[in-house]
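Quick one: sequence plus predicted model below, questions after.
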Amino acid sequence: MTLGMIYAGTVARLAREGMIETLGQDFIRTAKAKGVGAPAMLVRHALRIGVTPVVTYIAPALSALITGSFVIEKIFQIPGLGFYFVASVGDRDYEVLSGLLVFYVSLVVVANLIVDILYGVLDPRVRSAR
């Protein structure tokens, strides 16, 4: 909760701007002209393109969320990986430090990979660029 509230406003603003921009596109006007209902137009056509900026923002936010967990766990004395990471820096426990670094880097790489895959799922223009 403490870590997530920081990003809630930015995610809401990005979603709003993405949807406003998408609803002004030509393909939305075309869908309206073809008689597509408002709920179907929003879900099938606009939402997929409109949430793309949010998906773009999520992967770097996840990295900041992970590094923020170090501080939160240390402040509130929560025995999580971030707490042990900070403790291993102070104790010069390089084996634990290297293992946690590899783990956190793997998380960030997987998050970025998932975002890249989601681009292809959400935006058909990205899929056809192969």
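Sure, I can see it. Numbering: from 1, shown residues only.

biggest helix in the chain by residues?
helix 94-122 (DSSP state H).

Past it, which element shows up next along the chain?
Under the assignment DSSP states H and E, the closest C-terminal helix or strand after helix 94-122 is helix 124-127.

what packs against that following helix?
If you count contacts as 3 or more CB pairs under 8 Å, 6 or more residues apart in numbering; DSSP states H and E, helix 124-127 packs onto helix 94-122. Using the backbone N, CA and C atoms, a C-beta is placed for each residue, glycine as well.

Any idea how far the helix it packs on is from the middle of the chain?
12 Å (CA atoms, centre = their mean, to the nearest Å).

Point to the residue nearest the middle of the chain.
Against the mean C-alpha coordinate of the chain, by CA atoms, centre = their mean, the closest residue is residue 58 at 1.5 Å.

Now do the contacts for it.
Residues counted as contacts of residue 58 (CB atoms under 8 Å, 6 or more residues apart in numbering) are 11, 111, 115.

For it, pull up the helix or strand it's in.
Applying DSSP H and E, one finds residue 58 within helix 52-75.

what's the average pLDDT for that helix?
Averaging pLDDT along helix 52-75 gives 85.

and that helix with helix 94-122, angle?
Counting by axes from the mean of the first three to the mean of the last three CA atoms, to 10 degrees, helix 52-75 lies at 160 degrees to helix 94-122.

Now do the buried residues in helix 52-75.
Within helix 52-75, the residues that qualify as buried are 52-55, 57-59, 61-62, 65-66, 68-70, 72-73, counting by 16 or more other CB atoms under 10 Å.

so which of those residues comes closest to residue 7?
Closest approach to residue 7 among the buried residues of helix 52-75 (CB to CB): residue 61, at 5.0 Å.

now this protein, which segments are flagged as low pLDDT?
128-130 (pLDDT under 70).

Recalculate using a threshold of 80.
Low-confidence segments of the chain, defined by pLDDT under 80: 1-4, 123-130.

Touching, residue 51 and residue 16? I think so.
No. Look at residue 51 against residue 16 with CB atoms under 8 Å: they stay out of range, at 10.9 Å.
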